[in-house]
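**Q** Sequence first, then the predicted structure, then my questions.
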Amino acid sequence: MRIRLKTIFVLIAAVLVVGYVVVMSVLPKKTESESVKCHTVECVFKDSVRYRYISPGQVRKYLHQVGCYPVGTPLEKVQLQTIEDTLCAHPIIATADCYMSADGTMHIELTQRCPIAHVVNDKESYFVATDRQLMPVWSTIKDSVLRVRGRLTHEQSCHEVADFAEWVQKDSVWRSRIAYLNLVAPHQYVLYMRGDTTQYVLGDLHNYEAQLHRLSVFESQLRKLPKQHFGKVDLRFDNQVVTCP
């Protein structure tokens, strides 16, 4: 009798085990990644020591506005490439790298566009960045960059003017002296210095390094003479400086 009961118990246990295996095999499996959702977005600016144009809060708000905020989304459904592309479409953001940690935190590493010129005319006002992209006038941008006046095309702003502005930005002497650049005719530029009404004619900006070097030599020679003021200093001609009263 005892042997028969023991046999029955063993058979029942075997049936239960087999039934459990069968049921678990037909139920949809829930992976670990599906059980974890994104719950936090952390933003780090790799260039924040130099530039502070946009805050992490503004980045998160922007992702909300464009419908790409990942919080609440299962990890395997978070589209990292789409979020990176969306962030790089922002006029202040230059690069964006996104990755997820296993606990559901999204990490975003960002760099910001850096302005090198501020173009102003009667129709629009905008910055030109080091990557030769246009930037809107942004309230947090307080940088001292080359001011440019005149009705420039965007192509002029992002090429010939941007090249000149970047060169000026790297030269501490001219950066401190130059007040603004003025487009007076197609591809004809005039430079103005701080505290000086003299017009320094550069022309098409194709030889500005040699022109400003020539101006430096000319000014050093003037220091030996009685002080005088010129209404115009023309630097367009090789190996000479032409002055007008």
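**A** In hand now; what should we look at?
**Q** what about the strands in this structure?
**A** Taking DSSP state E, the strands of the chain run over residues 40-45, 93-100, 105-112, 115-120, 125-129, 134-136, 146-149, 178-185, 188-193, 199-203, 232-234, 242-244.
**Q** Mind putting those strands into JSON lines with distance to L80 and mean neighbour count?
**A** Every residue, glycine included, has its C-beta placed from N, CA and C. Putting the strands of the chain into JSON lines (distance: least, C-beta to C-beta, whole Å; neighbours: other C-beta atoms under 10 Å) gives the following:
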{"stretch": "strand 40-45", "distance to L80": "12", "mean neighbour count": "16"}
{"stretch": "strand 93-100", "distance to L80": "5", "mean neighbour count": "17"}
{"stretch": "strand 105-112", "distance to L80": "8", "mean neighbour count": "19"}
{"stretch": "strand 115-120", "distance to L80": "29", "mean neighbour count": "23"}
{"stretch": "strand 125-129", "distance to L80": "25", "mean neighbour count": "20"}
{"stretch": "strand 134-136", "distance to L80": "25", "mean neighbour count": "16"}
{"stretch": "strand 146-149", "distance to L80": "37", "mean neighbour count": "20"}
{"stretch": "strand 178-185", "distance to L80": "42", "mean neighbour count": "16"}
{"stretch": "strand 188-193", "distance to L80": "44", "mean neighbour count": "20"}
{"stretch": "strand 199-203", "distance to L80": "47", "mean neighbour count": "19"}
{"stretch": "strand 232-234", "distance to L80": "55", "mean neighbour count": "17"}
{"stretch": "strand 242-244", "distance to L80": "59", "mean neighbour count": "12"}
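**Q** can you redo these as a markdown table with distance to K170 and mean pLDDT?
**A** Output for those, formatted as a markdown table (distance: least, C-beta to C-beta, whole Å; pLDDT from 0 to 100):
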| stretch | distance to K170 | mean pLDDT |
| --- | --- | --- |
| strand 40-45 | 23 | 95 |
| strand 93-100 | 19 | 95 |
| strand 105-112 | 19 | 96 |
| strand 115-120 | 10 | 96 |
| strand 125-129 | 15 | 96 |
| strand 134-136 | 19 | 93 |
| strand 146-149 | 12 | 96 |
| strand 178-185 | 13 | 96 |
| strand 188-193 | 17 | 96 |
| strand 199-203 | 18 | 96 |
| strand 232-234 | 23 | 95 |
| strand 242-244 | 28 | 90 |
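**Q** Need the ones you listed in JSON lines (columns: distance to G72).
**A** Listed next are the strands of the chain as JSON lines, based on distance: least, C-beta to C-beta, whole Å:
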{"stretch": "strand 40-45", "distance to G72": "11"}
{"stretch": "strand 93-100", "distance to G72": "13"}
{"stretch": "strand 105-112", "distance to G72": "11"}
{"stretch": "strand 115-120", "distance to G72": "36"}
{"stretch": "strand 125-129", "distance to G72": "34"}
{"stretch": "strand 134-136", "distance to G72": "31"}
{"stretch": "strand 146-149", "distance to G72": "45"}
{"stretch": "strand 178-185", "distance to G72": "50"}
{"stretch": "strand 188-193", "distance to G72": "53"}
{"stretch": "strand 199-203", "distance to G72": "56"}
{"stretch": "strand 232-234", "distance to G72": "64"}
{"stretch": "strand 242-244", "distance to G72": "69"}
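**Q** Tell me which residue is most central in the protein.
**A** R113 (2.2 Å; C-alpha atoms, centre = their mean).
**Q** what's the pLDDT at that one?
**A** With respect to pLDDT, R113 scores 92.
**Q** so who does it touch?
**A** Y53, P91, I92, I93, A94, A129, T130, D131, Q133, M135 (C-beta atoms under 8 Å, 6 or more residues apart in numbering).
**Q** Pretty sure the fifth one sits against C88.
**A** Right, the one you point to is A94. Yes. Counting by C-beta atoms under 8 Å, A94 touches C88, with 7.4 Å between them.
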